[in-house]
Structures are given as structure tokens and as C-alpha cells.
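In: Pasting the sequence and the predicted model now:
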Amino acid sequence: MATLIIDLLSKRYEKQRWALQDISLQLDAGIWGLIGPNGAGKTTLLRILATLLTPTRGSVTWNGTDVLRHPQVLRHHLGYLPQDFGVYPQLTAREFLHYIGELKGLQTSALKRRVDEVLEVVHLTRDADRRLKSYSGGMIRRVGIAQTLLNDPQVLILDEPTVGLDPAERVQFRETITTLGEERIVILSTHIISDVEAMASDIALIQQGQLHWRGTPEALLDDAASVVWSATLNSAEFEHIRKQCQVSQVIRRGALVEARMIAPVQPHPKAINIRPTLEDAYLYMQGNTIENQELLTPLS
Ligand SMILES: Nc1ncnc2c1ncn2[C@@H]1O[C@H](COP(=O)(O)OP(=O)(O)OP(=O)(O)O)[C@@H](O)[C@H]1O
């Protein structure tokens, strides 16, 4: 089975602080949700894995080959959807994919069939001959996925792929990615925790350039099992509680507030323990700062 091993990977941009520090991960087939706050280092990690950026230290190994020395070995098996993916609006989807396929050096004889196949995978066959300027944001994202698939990659790197999608497009996108993740390594960087919940088999939480937590979504939920609370409070009680603990959701009901809170102990006598969502668990884990390592699940 294909394996990507990241070992003690670090990146320092010129004269700046470390954007990534000693990240180690072993990735096998499945969907990896890469999560973390703005500026955590996710894009830096993805760009290194996409062989577009050289790390300051550390190594990346693809099936035993040192990727930093031989980037072309991984590039051959790589599909990358950058955060700022753009298209040529005057081209149709089919023309655009042909063009990208030619740039990727795919054989012209096989390319026509391959373009048809990837259009099918992303459900764009019917719209393939429309100009891209008439596509919605979600359709453009699907073209973005299609171009990553032209070379039948074993590693798929997707940076914020669902930004700007409407709910229906998001559902379709999730289905496409879930299918692709069955036999590939898919690395999906996102701020949208519901996407991780819907698709990811594993999670890596990056914070301040470090790997803060990693495990399955179920393990993340387990770690937050007893720290999420709900209470219906009046305004004064709510104002008090919001200074005491992290509030993950607020629903106003007339003069009352239904609050969802994250706290290691009961934050208010009215609060009852409830099951965490992945969003709660993520907020809890994020709240556990790197300086507070004893609270974290040990990294295996
Ligand atoms: N080219 C660069 N030169 C200098 N510093 C950079 C450069 N690119 C990123 N950084 C810094 O490195 C850190 C990590 O940035 P990065 O874009 O990898 O984070 P991110 O987790 O992808 O953030 P976001 O979720 O906002 O996209 C940030 O402090 C950022 O300002």
C-alpha cells in the first residue's frame, strides 16, 4: 500500500518565526482532515508535500523514495488543488482539462478518454462543453478536482476545497471525495469541521506550526466526551458564564439564552452534560494550548 512518511518537517520563512516545526506523520490510504486556525501552517505543509516548497529541515518519503531529492517520483502520483485555483473562463471544461492534461505530459491518444472519465467522476459530463465563465463556484471547484485526477494520482492534496460552495454543492463534493479516498491518500485542509465530520477517516490538528493532536474523528469525540454542557440561562447568568468558559453555540429564546459550553467541570448548576459534536471537540482541543501538553492525548 502507498505510504507517505513525513518526518520532523520544519519550515522557517526568511527571518521569520517557524511556520512549521517538527511535524511527523505517516499517511496511508484514507481521507486526512488537516485542521487548525488561520496561520497554523496548513498551507505550508501542503505546499511542501506538493513539492512546491522546500522545507528548512526534515524529510518526506514516498514509498521509500526521498521526495526532497527526487520530487518527480511523487509528482507523477500527485494531484493538487491549491486554495487559489483558477481557470481560463473562455475555455469549456473539456478544453480546459485537455489543456491541463497536455501540460502534465499525458499522452494525447489516452487523454480524450481520461478527460471523459474525470468529468464523469465529478458529475460534469452534461456541462462539459459549456464555457467555464458560465459555471458556478461549486462547478469550478469540481473542475479543480477533475484536473487533479487526470494522472490518476495516489496522493490528492486539497487546500480549502469547499470554500464558497452552497449546501447542495457541498453534499455532492463530499460524495466525490469520499469515493476517491477509498484507495488514495487524500489530504484535505479545511476550516469547515462539518466537512471533516462528513469525510475524514483521520484528523491532524496543526496549531502554531506544530502537530497538536492526531487520531480518528471518533477519538477526538471521545476526548471531549465529558466537557460539553448545555443550559438555558437568563441574560445575567449568561453574561457571567461567558467570562468563565468557552461558549460554542448560543440560541436566543425570548429573554433566555440556550448556551452550549465547553468546560472540564460543570460550569453552572443548571448545566447538563451533553454529547459533543466534532466542532465542540475541535474547539476543546484547540483550547488546550501547546504549553498545556499534559492535557493532550499522547501522539503515538
Ligand atoms: N511566503 C511566506 N513568507 C513569510 N511568511 C509566510 C509565508 N507564507 C506563510 N507565512 C507565514 O507562515 C505561517 C503559516 O502560514 P500558512 O499559510 O501555512 O498557514 P495556514 O494554516 O494555511 O493558514 P490559513 O488557514 O489562514 O490559510 C503564518 O504565520 C504565515 O504568516
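Out: All right, it came through fine.

In: Tell me the residues of this protein that contact the ligand?
Out: Residues of the chain found near the ligand (CB under 6 Å from any ligand atom) are 13, 16, 19, 36, 38-44. Using the backbone N, CA and C atoms, a C-beta is placed for each residue, glycine as well.

In: Now intersect those residues with the strands, please.
Out: Taking DSSP state E as the definition of strands, the residues of the chain next to the ligand contribute residue 19.

In: Write a ChimeraX command that selects only the buried members of the residues of the chain next to the ligand.
Out: In ChimeraX, a selection of the buried entries from the residues of the chain next to the ligand looks like this (16 or more other CB atoms under 10 Å):
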select :19,36,40,41,42,43,44
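
In: Export the residues of the chain next to the ligand as CSV, with columns for pLDDT.
Out: Shown next, in CSV, are the residues of the chain next to the ligand (pLDDT from 0 to 100):
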residue, pLDDT
13, 91
16, 75
19, 95
36, 92
38, 89
39, 91
40, 93
41, 95
42, 95
43, 94
44, 96
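
In: ok, so of the residues of the chain next to the ligand, who is nearest residue 269?
Out: residue 36 (34.9 Å; CB to CB).

In: so what's the closest residue to the closest one other than its chain neighbours up against?
Out: Using CB to CB, 6 or more residues apart in numbering and skipping residues adjacent in sequence, the residue nearest residue 36 is residue 206, 3.8 Å away. Going by CB atoms under 8 Å, 6 or more residues apart in numbering, residue 206 touches 23, 34-36, 40-42, 45, 212.

In: 6 Å - rerun?
Out: If you count contacts by CB atoms under 6 Å, 6 or more residues apart in numbering, residue 206 has them with 36, 40-42.

In: Doesn't residue 283 lie inside a helix?
Out: Yes. Under DSSP: H, G, I helix; E, B strand; the rest coil, residue 283 sits within a helix.

In: can you tell me how far the closest residue in space to residue 278 that isn't next to it in sequence sits from the ligand?
Out: Spatial nearest neighbour of residue 278, excluding adjacent residues (CB to CB, 6+ apart): residue 197 at 4.4 Å. From residue 197 over to the ligand the distance is 18 Å, taken as CB to the nearest ligand atom, to the nearest Å.

In: if I look at residue 197, how far off is residue 99?
Out: Remark: distance between residue 197 and residue 99 (CB to CB, to the nearest Å) = 36 Å.

In: So for the two, which residue has more residues nearby?
Out: residue 197 (19 against 14; other CB atoms under 10 Å).

In: Regarding that one, what is its secondary structure?
Out: Of the three states, residue 197 takes helix under three-state DSSP.
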